[in-house]
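# the following comprises the amino acid sequence and a computationally predicted model.
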Amino acid sequence: MTKAKGYAAQNAKDDLTPWSFERREVGPHDVQFDILFCGVCHSDLHQVRNEWGGSIFPMVPGHELVGRVTKVGEHVTKHKAGDLIGVGCMVDSCRTCNNCKEGLEQFCAEGCTMTYNGYERDKKTLTYGGYSNATVVNEDFVLRVSEKLNLAAVAPLLCAGITTYSPLRHWKVGKGHKLGVLGLGGLGHMAVKFGVAFGAEVTVLSSSPSKKEDALKLGAHKFLVTSDKEQFQAAAGSFDFILDTVSAEHNYSQYMTLLATNGVHICVGAPPTPSEIFSFSLIMGRKSLAGSLIGGIPETQEMLDFCAEHNIVSEIELIDIKDINKAYERMLKSDVRYRFVIDLATL
Ligand code: NAP
Ligand code: ZN
Ligand code: ZN
């Protein structure tokens, strides 16, 4: 075992504080790396506060890791010491079920191993995430990262990036489509960038009027304030897709009035509480309510390569790790412009 340090939640109520723990030795198929930057996802906050239930403590959050390889195991072929790499929400899976074989490890029939707040395949060893100085991950779950882009701004691609890229690709959103991005936070702002890159007409649907200028700068074609009844009604029936990134409870039926015939409302936001849906919101206009979870390993690599080619990164606010609790409070107030990223050099 090697010593590691990080920030951990010891329970669902208290702030994150410095914590020392151990990582496994580098196995034959493992990659060890220094974590340079780690993005702060709203899912970190949901889990730290046990809003989804089942949280395991102590918890070292963080599933948007980028870093440089320090050591590899004897059988590792995909990475070598000195490489820039990234790790997202998963660090392992069963490898043998149909979903794993198809590169949809996020839907592993036995459950994938989450980067933190989960157990390794032995079902005993707790995983600890990226709010930390270094870690060890199986080579198959380690992604290649381009040297071309701002590394801190690449970190959020590992969750916010793939979570929005994957559904837009799955539903083939592009030229000729009108896409509404609901919620302009970490996921939402990446959805805008990808939607624009894929050729869709993108409208940001936001509860924060102050984000209009940023939305347009990010490439969005239009901006709609969701609390403005007139704007809302004027947009009725206009979107082919809505990508819903909202982290708190909201009324799906209401937003589905904005969909055109055959429109699809795709949930990626994961509010902790259930929400009612009236069947009439689906029946009228043959609409669908769908969902999507991160993306598999091959698609995550495809997304990173796409971003390197098209110069796409996240808009970030780099923070000192001691400010993580303040960052959470700002996130709760929808005050993220547009992803906090921890500089692990401050640990
Ligand atoms: P975030 O940066 O906090 O952004 C969420 C945005 O939602 C806010 O900026 C705000 O945008 C909007 N919002 C928040 N509360 C709202 C409310 N009460 N009513 C209406 N809009 C509200 O969060 P994130 O990191 O992007 O994550 C968003 C959600 O996706 C979280 O629930 C997270 O757990 C989930 N997630 C899911 C996956 C997946 O695989 N499906 C992966 C990662 C994250 P405006 O100010 O523009 O309204
Ligand atoms: Zn995430
Ligand atoms: Zn599997």
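Arrived safely. Numbering: from 1, shown residues only. Ligands and ions are numbered 1, 2, ... in the order given.
# next secondary structure after the strand or helix carrying Ser43?
Using DSSP states H and E, Ser43 sits within helix 42-48. For helix 42-48, the following helix or strand on the C-terminal side (DSSP H and E) is strand 65-72.
# quick check: buried residues in that following strand?
Neighbour-count burial for strand 65-72 flags Leu65, Val66, Gly67, Val69, Lys71, Val72 (criterion: 16 or more other C-beta atoms under 10 Å). From N, CA and C alone the C-beta is placed, and that goes for glycine too.
# with stretch 211-219 instead?
Neighbour-count burial for stretch 211-219, with 16+ other C-beta under 10 Å as criterion, is recorded at Lys211, Lys212, Asp214, Ala215, Leu218.
# closest one of those residues to His265?
Checking the buried residues of stretch 211-219 against His265 by C-beta to C-beta gives Ala215 as the nearest, at 19.6 Å.
# so how far is His189 from the closest one?
Taking C-beta to C-beta, to the nearest Å as the measure, Ala215 falls 8 Å from His189.
# what do you get for Gly161?
Distance from Gly161 to His189, counting by C-beta to C-beta: 10 Å.
# so who does the closest residue to ligand 1 within the stretch 101-250 of the chain touch?
At 1.9 Å from ligand 1, Gly185 is the closest residue in the stretch 101-250 of the chain, using C-beta to the nearest ligand atom. Contact analysis of Gly185 by C-beta atoms under 8 Å, 6 or more residues apart in numbering lists His42, Thr245, Ser247, Met331, Ser334, Val336, Tyr338, Arg339.
# again, but for Ile324
Ile324 neighbours (C-beta under 8 Å, 6+ apart): Tyr7, Leu16, Val40, Tyr131, Ile342.
# give me the buried entries from these.
Buried members of the contacts of Ile324, scored by 16+ other C-beta under 10 Å, are Tyr7, Leu16, Val40, Tyr131, Ile342.
# out of those, who's nearest ligand 1?
For these, the nearest to ligand 1 is Val40 (7.8 Å; C-beta to the nearest ligand atom).
# which neighbours in the sheet does the longest strand seen in the chain have, and how are they oriented?
The strand spanning the most residues in the chain, taking DSSP state E as the definition, is strand 30-40. Strand pairing for strand 30-40, determined by DSSP bridges: strand 65-72 (antiparallel), strand 134-138 (antiparallel), strand 339-343 (antiparallel).
# contacting residues for His265?
Phe241, Ile242, Asp244, Tyr252, Tyr255, Met256, Leu259, Lys287, Ser288, Leu289, Ala290.
# quick check: the two most widely separated of those?
With C-beta to C-beta as the measure, no two of the contacts of His265 lie farther apart than Phe241 and Tyr252, at 14.1 Å.
# stretch 199-210 near ligand 1 anywhere?
Yes. If you take C-beta under 6 Å from any ligand atom as the test, stretch 199-210 does meet ligand 1, through Ser206, Ser207, Ser208.
# returning to that earlier point: export the buried residues of stretch 211-219 to a markdown table and tack on distance to ligand 3, pLDDT and secondary structure?
Listed next are those as a markdown table, based on distance: C-beta to the ion, whole Å; pLDDT from 0 to 100; DSSP: H, G, I helix; E, B strand; the rest coil:
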| residue | distance to ligand 3 | pLDDT | secondary structure |
| --- | --- | --- | --- |
| Lys211 | 39 | 98 | helix |
| Lys212 | 43 | 98 | helix |
| Asp214 | 39 | 98 | helix |
| Ala215 | 38 | 98 | helix |
| Leu218 | 36 | 98 | coil |
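# closest to Thr115 among these?
Using C-beta to C-beta, Leu218 comes nearest to Thr115 of these, at 27.1 Å.
# just the CA trace of the longest helix that the chain contains, in PDB.
Looking across the chain with DSSP state H, the single longest helix is helix 297-310. Below are the C-alpha coordinates for helix 297-310, written out as PDB (Å, rounded to 0.1, in the frame of the first residue of the first chain):
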ATOM      1  CA  ILE A 297     -14.900   3.900 -22.200                       C
ATOM      2  CA  PRO A 298     -14.500   3.800 -26.000                       C
ATOM      3  CA  GLU A 299     -16.900   6.700 -26.400                       C
ATOM      4  CA  THR A 300     -15.200   8.700 -23.700                       C
ATOM      5  CA  GLN A 301     -11.900   8.300 -25.600                       C
ATOM      6  CA  GLU A 302     -13.700   9.300 -28.800                       C
ATOM      7  CA  MET A 303     -15.100  12.400 -27.000                       C
ATOM      8  CA  LEU A 304     -11.600  13.400 -25.700                       C
ATOM      9  CA  ASP A 305     -10.200  13.000 -29.200                       C
ATOM     10  CA  PHE A 306     -13.000  15.000 -30.700                       C
ATOM     11  CA  CYS A 307     -12.300  17.800 -28.100                       C
ATOM     12  CA  ALA A 308      -8.600  17.800 -28.900                       C
ATOM     13  CA  GLU A 309      -9.400  18.100 -32.600                       C
ATOM     14  CA  HIS A 310     -12.000  20.800 -32.200                       C
END
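# which helices and strands does it pack with?
Helix 297-310 is packed against strand 143-144, helix 160-170, with contacts defined by 3 or more C-beta pairs under 8 Å, 6 or more residues apart in numbering; DSSP states H and E.
# compare the ones you listed and report which one is nearest to ligand 3.
For the helices and strands packed on helix 297-310, the distance to ligand 3 is smallest for helix 160-170, at 17.4 Å, taking C-beta to the ion.
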